[in-house]
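*Asks:* Quick one: sequence and predicted model below, then my questions.
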Amino acid sequence: MAPIAVGDVIPDGTLAYFDTEDQLQSVSIHSLIAGKKAVLFAVPGAFTPTCSLKHVPGFVEKSPELKSKGVQEVICISVNDPFVMKAWAKTFPENEHVKFLADGSGVYTKALGLELDLSEKGLGIRSKRFALLVDDLKVTVANIEAGGEFTVSSAEDILKAL
Amino acid sequence: MAFLLRRTASVRPLFSRFQIPRGYASAAVGLDLIAIAPDVALQKARSWDDGVSSKFATTPIKDIFKDRKVVIFGLPGAYTGVCTAQHVPSYKNIVDKFKAKGIDSVICVAVNDPYVLNGWAEKLKAKDDIEFYSDFNGSFHEKLDLVVDLSAALLGPRSHRWSAYVVDGKIQVLNVEKSPSEFEVSGGDVILGQI
């Protein structure tokens, strides 16, 4: 699949998470963000440093500001299973708004055309690091790193675009 | 619930417990792991930084098992229920008893990446007692025919829940649960009694 780009309609897909009652839920991306302004950002792997120490905290910290600018959903996706995503989300206790969704088999990441082969690092096929601003399912900003670097995909970069 | 199933352990041979209907069973008592999986390697559970500084080095099966007495157990997933609450603790709590029987290493292996496994091992405070290895591409479990498709539970291809006592690479004892959510035969206490 060609990588997602500005102007595209974001594909639909099913992601998973554990709700506040610890029940496994699946959600369709379209049902979650249709008609809304949303930020979707992805990390190559839960429990890896840039993801844990820089990328996610940036969004956790800036999500109130994003909300004040009309963003209704801030979603973090990773090719990890929902158990791992739940445990990883717990390592950010100050988080109020960021939703951690599991793309366990990488199906949605492939639909976005943003897979990254990290097999030699023991990670398998993961997602590139990226941040998208989506307005009623249309991609208005697409900040996609070539791999796992952290140069264009931060919360600040999205804020600048709002 | 499992008590309703055959549990006459005193009468039946130990290894008949793992007769799960499969196409073929590779893993069995007597199997030489080093011989059947010469190219297979695992990755030690470690932080990303350690991964970088070790250049993401892998550990060949031979280095883990050759000339060593190992108790090894495999489980479906880090951070999941039975694995976290029962399986790992059943080994961690009696590690001294294994050492007293001359066991060189107690090893936990799972089809998770090394960083997730490391995070989980640290959370369980188990790294001092158990060596955690990541079967990151599932190749180890594929060779043993111990892969189970847990896509329905959103986990993808994973490992069965199992335990083994391996001496110089040769399986002496093997216990495999009939289903990955069960915890009847693969605990530390069971294999301690089988060594």
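*Replies:* All right, it came through fine.
*Asks:* which stretches of chain B have low pLDDT?
*Replies:* Chain B contains residues with pLDDT under 70 at B:1-26.
*Asks:* try it again with 90
*Replies:* B:1-28, B:36-38, B:151-156 (pLDDT under 90).
*Asks:* Next up, the contacts around the residue in it sticking out farthest from the centre.
*Replies:* Distance from the C-alpha centroid of chain B, by CA atoms, centre = their mean, peaks at B:Ser53 (26.6 Å). Residues in contact with B:Ser53 (CB atoms under 8 Å, 6 or more residues apart in numbering or on different chains): none are found. Bear in mind the C-beta positions are built from the backbone N, C-alpha and C, glycine included.
*Asks:* Got phi/psi on it?
*Replies:* With angles defined as degrees, to the nearest 10, B:Ser53 sits at phi -70, psi -20.
*Asks:* Residues of chain B that sit close to chain A?
*Replies:* Within chain B, the positions near chain A by CB under 8 Å from any CB of the partner chain are B:43, B:47-49, B:51, B:56, B:58, B:77-80, B:112-116, B:118-120, B:123, B:134, B:136-137, B:151, B:154-156.
*Asks:* Show me which of the residues you listed are buried.
*Replies:* Buried subset of the residues of chain B next to chain A (neighbour count, 16 or more other CB atoms under 10 Å in any protein chain shown): B:43, B:47-48, B:51, B:56, B:58, B:77-80, B:112-116, B:118-120, B:134, B:136-137, B:154-156.
*Asks:* Can you flag which of those residues belong to strands?
*Replies:* If you go by DSSP state E, those have B:43, B:134 in strands.
*Asks:* for the chain, longest helix please?
*Replies:* Unless you meant another one, I'm taking chain A. With secondary structure taken from DSSP state H, chain A has its longest helix at helix A:56-68.
*Asks:* Sorry, I should have been clearer: chain B.
*Replies:* Per DSSP H, chain B has its longest helix at helix B:114-123.
*Asks:* which helices and strands does that helix pack with?
*Replies:* On a contact count with 3 or more CB pairs under 8 Å, 6 or more residues apart in numbering or on different chains; DSSP states H and E, helix B:114-123 meets helix A:82-89, helix B:48-53, strand B:131-134.
*Asks:* contacting residues for the nearest residue in space to B:Ala37 that is not next to it in sequence?
*Replies:* Of all residues not flanking B:Ala37 in the chain, B:Lys143 sits nearest, at 4.2 Å (CB to CB, 6 or more residues apart in numbering or on different chains). For B:Lys143, the contacting residues are B:26, B:33, B:36-37, B:40, by CB under 8 Å, 6+ apart.
*Asks:* Kindly give a single PyMOL line that selects the buried subset of those residues.
*Replies:* Only the buried members of these enter the following PyMOL selection, criterion being 16+ other CB under 10 Å:
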select buried, chain B and resi 33+37+40
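*Asks:* for the contacts of B:Lys143, which one is nearest A:Gly7?
*Replies:* For the contacts of B:Lys143, the minimum distance to A:Gly7 (CB to CB) is 46.0 Å, reached by B:Val40.
*Asks:* Any idea what B:Val109 is bridged to?
*Replies:* Beta-bridge pairing for B:Val109 (DSSP bridges): B:Gly74, B:Tyr133.
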